[in-house]
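In: turn this into a structure:
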Amino acid sequence: MSTVTNLVYLLAAVLFIFGLKDLSSPRTARRGNALAMLGMLLAIVMTLFDKQIIDFTHIIIGLIIGGAIGVYAAKTVQMTAMPQMVALFNGFGGAASALVAYAEFVRLSGRPGLDVLITMVLSVLIGTVTFFGSLVAFAKLQGIIRGAPIVLPLHHLLNGLLLLGALVVGGLFAFDAPQSSLLLIVVVISTILGILSVIPIGGADMPVVISLLNSYSGMAAAATGFVLSNSVLIVSGALVGASGLILTEIMCKAMNRSLANVLFGAVGTDGGGAAATAERRPVTEYTPEDAAMVLESAQSIIIVPGYGLAVAQAQHVLHELATILMERGATVRYAIHPVAGRMPGHMNVLLAEANVPYDMIYDMDQINEDFQNTDVALVVGANDVINPAARYKKDSPLYGMPILNVDKARSVMIIKRSLSPGFAGVDNELFYDPKTMMVFGDAKKVLTELVHELKR
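Out: Numbers count the residues shown, from 1 in each chain. Okay, the predicted model is just below:
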């Protein structure tokens with residue numbers, strides 16, 4: 001039976017790897033999801049048979065409840081709230097790993113091996129930090145707590161002491177006396193550490209936080225795999241942990257900042273902090289009717305979506321506008337910045353929901369040089385990722401971040417509710433450029449009016 005189990009686990013691991021590979025491209029992401037789900041199904045079924053579980057009552061109840069919650073979330077959660085849901089899923093993964101590791105300690109009789117005790121501590125520590133850190137990320141994204149950094153006196157020193165304390169208590173548990181009280185102390189310290197680790201991180205850095213928490217959940221699962229001596233859990237956890245770290249590095253590179261700066265720099269605001277002073281400066285304001293005339297005469301258009309598009313849930317009407325423009329003979333493309341939105345790939349997911357063809361969507365590096373030859377750059381709800389201050393303003397938190405070269409286009413049209421700055425809290429000089437046309441209002445309403453005008 002062990003040979004069959006290992007072969008099935010190997011097949012599941014292979015499916016995980018190919019699924020992860022396919023997830024790297026929007027064209028193959030659906031297939032990647034299907035492969036990974038098939039691998040997980042094989043792993044779960046094999047584990048249930050391998051462990052010779054006699055009573056499946058609790059497992060079936062859990063499947064029914066969990067499945068119902070999953071279906072409900074998939075059907076009701078709006079695309080705007082997708083980052084929050086991803087943050088929660090990361091947290092639940094960490095919590096599950098910590099609970100399984102703790103339950104295994106309670107179940108085992110006698111003193112487990114040192115390797116089991118060490119990985120048990122790591123699973124509880126990382127899993128708990130992931131869960132409570134993810135809850136804070138969820139609360140920030142949902143607006144339950146302020147999105148701006150919350151920094152306490154000697155905050156980072158306190159976090160360092162908490163981590164050291166958790167490791168010391170965990171060491172006593174593993175090397176001296178494996179008592180449940182010591183493991184509970186690790187849980188308490190990890191809870192505080194998880195909360196304090198995320199509250200000083202601003203809303204603009206949420207894509208990095210989410211990918212990092214995703215990595216944490218994978219590492220917690222891999223540690224639990226060692227506790228259970230389950231090879232497929234080790235492999236799947238390691239894959240999630242490694243891919244999450246790689247994605248975190250990609251996000252940091254896209255902002256030209258180190259991970260340490262993201263975690264400890266306390267960058268960002270709630271957004272809109274400088275709006276009152278910004279709106280006293282003159283801008284070129286267009287009505288939707290004026291904007292429609294400009295778009296009607298344009299031969300090449302690059303659309304830059306941002307978080308405001310997700311908030312307005314305007315992706316479908318935006319694609320309708322793009323379709324009308326293409327039918328009139330214009331070349332229309334979408335430009336995506338790696339950190340646009342509130343989670344990695346947020347804009348890609350948003351456009352995929354509106355059935356935007358993949359060959360119309362370009363990453364920043366693929367399209368940045370084309371802005372200078374473009375008639376109109378149409379920005380919908382984006383801010384920091386198009387802010388020229390990133391190039392020259394050395395005292396700005398955006399300085400050095402690669403941006404979309406929207407300001408190089410012949411004309412710039414920005415649909416936005418107000419002149420408020422983005423989550424980095426930096427006023428955007430592009431708003432006041434003479435060639436920039438500001439169209440104020442809710443993105444969905446403005447885009448709907450544009451569609452109406454173009455259909456006349």
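In: per-domain residue ranges of this structure.
Out: Annotated domains of the chain cover 1-74, 77-264, 275-455 [automatic domain parsing].
In: now the shortest one: mean pLDDT?
Out: Per-residue confidence for domain 1-74 averages out to 87 on the pLDDT scale.
In: and what of the longest one?
Out: The average pLDDT for domain 77-264 rounds to 90.
In: report the distance from it to the chain centre.
Out: 16 Å (CA atoms, centre = their mean, to the nearest Å).
In: next: the first one.
Out: Using CA atoms, centre = their mean, we find the averaged C-alpha position of domain 1-74 to lie 23 Å away from the chain's own average C-alpha position.
In: just the last one next, same as before
Out: Here domain 275-455 shows a centroid-to-chain-centroid distance of 21 Å under the convention CA atoms, centre = their mean.
In: can you show me the CA trace of whichever strand or helix holds Leu351 as CSV?
Out: Assigned by DSSP states H and E, Leu351 belongs to helix 346-353. Extracted C-alpha coordinates of helix 346-353, given in CSV (Å, rounded to 0.1, in the frame of the first residue of the first chain):
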residue,chain,number,x,y,z
HIS,A,346,-5.5,42.1,-9.6
MET,A,347,-5.9,43.9,-12.9
ASN,A,348,-5.4,40.8,-15.0
VAL,A,349,-8.1,39.0,-13.0
LEU,A,350,-10.4,42.0,-13.3
LEU,A,351,-10.1,42.1,-17.1
ALA,A,352,-10.4,38.4,-17.5
GLU,A,353,-13.8,38.6,-15.7
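In: direction included, what does the helix or strand following it pair against?
Out: Proceeding N to C from helix 346-353, the next assigned helix or strand is strand 361-363, under DSSP H and E. According to DSSP bridges, strand 361-363 forms sheet pairs with strand 331-336 (parallel).
In: let me know the average pLDDT across the strand it pairs with.
Out: 95.
In: tell me what the helix holding Leu351 is packed against?
Out: On a contact count with 3 or more CB pairs under 8 Å, 6 or more residues apart in numbering; DSSP states H and E, helix 346-353 meets helix 82-107, strand 300-305, helix 307-312, helix 315-327, strand 331-336. The C-beta positions use only the backbone N, C-alpha and C, and glycine is treated the same way.
In: what sits up against that helix?
Out: Applying CB atoms under 8 Å, 6 or more residues apart in numbering, the contact partners of helix 346-353 are 26, 29, 79, 82-83, 207, 305-307, 309-310, 315-316, 319, 334, 336-337, 340-341, 361.
In: stretch 219-228 too?
Out: 93-94, 96-98, 100-101, 104, 115-116, 119-120, 122-123, 126-127, 130, 231-238, 240-241.
In: filter these down to the buried ones.
Out: Taking 16 or more other CB atoms under 10 Å as the criterion, what is buried in these is 93-94, 96-98, 100-101, 104, 116, 119-120, 122-123, 126-127, 130, 231-238, 240-241.
In: before we move on, the earlier item: how about the helix holding Leu351, which residues are buried there?
Out: Judged by neighbour count using 16+ other CB under 10 Å, the buried positions of helix 346-353 are 346-352.
In: that one to strand 331-336, inter-axis angle?
Out: Put simply, helix 346-353 runs at 140 degrees to strand 331-336, going by axes from the mean of the first three to the mean of the last three CA atoms, to 10 degrees.
In: next, count neighbours for Ile61.
Out: 10 (other CB atoms under 10 Å).
In: tell me how far it lies from Ala74.
Out: 21 Å (CB to CB, to the nearest Å).
In: still on that earlier bit, wait, which of the helices and strands packed on helix 346-353 is closest to Thr374?
Out: Nearest to Thr374 among the helices and strands packed on helix 346-353 is strand 300-305; the distance by CB to CB comes to 4.9 Å.
In: how about the host helix or strand of Leu38 as CSV, C-alpha atoms only?
Out: Here Leu38, judged by DSSP H and E, is contained in helix 29-50. Taking Å, rounded to 0.1, in the frame of the first residue of the first chain, the C-alpha atoms of helix 29-50 are listed here in CSV:
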residue,chain,number,x,y,z
ALA,A,29,-4.2,29.9,-15.9
ARG,A,30,-7.6,28.0,-16.1
ARG,A,31,-5.8,24.8,-17.1
GLY,A,32,-3.3,25.4,-14.3
ASN,A,33,-6.1,25.7,-11.7
ALA,A,34,-7.7,22.5,-13.1
LEU,A,35,-4.4,20.5,-12.9
ALA,A,36,-3.7,21.7,-9.3
MET,A,37,-7.2,20.9,-8.2
LEU,A,38,-6.9,17.4,-9.7
GLY,A,39,-3.6,17.0,-7.8
MET,A,40,-5.1,18.1,-4.6
LEU,A,41,-8.1,15.7,-5.0
LEU,A,42,-5.8,12.8,-5.6
ALA,A,43,-3.7,13.8,-2.5
ILE,A,44,-6.8,14.1,-0.3
VAL,A,45,-8.4,10.8,-1.4
MET,A,46,-5.1,8.9,-1.1
THR,A,47,-4.5,10.3,2.4
LEU,A,48,-7.9,9.3,3.6
PHE,A,49,-7.5,5.7,2.4
ASP,A,50,-3.8,5.5,3.5
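In: show me what counts as buried in it.
Out: Neighbour counts over helix 29-50 (16+ other CB under 10 Å) mark 29, 32, 35-36, 39-40, 42-43, 46-47, 50 as buried.
In: same thing with stretch 354-374?
Out: Buried residues in stretch 354-374, counted by 16+ other CB under 10 Å: 354, 356, 361, 364, 367-368, 370-371, 374.
In: stretch 299-307 too?
Out: Within stretch 299-307, the residues that count as buried by 16+ other CB under 10 Å are 300-307.
In: farthest-apart pair in the residues you listed, please.
Out: Distances among the buried residues of stretch 299-307 were taken as CB to CB; the most separated pair is Ser300 and Tyr307, at 25.1 Å.
In: go ahead and flag the most central residue of the protein.
Out: Nearest to the geometric centre of the chain sits Met343, at 2.4 Å (CA atoms, centre = their mean).
In: can I assume it is in contact with Leu212?
Out: No. With contacts counted by CB atoms under 8 Å, Met343 stays clear of Leu212, the gap being 11.7 Å.
In: let me see the contact set for Met40.
Out: 12, 16, 236.
In: tell me who's in contact with Gly127.
Out: Counting by CB under 8 Å, 6+ apart, Gly127 touches 94-99, 101, 217, 220, 223-224.
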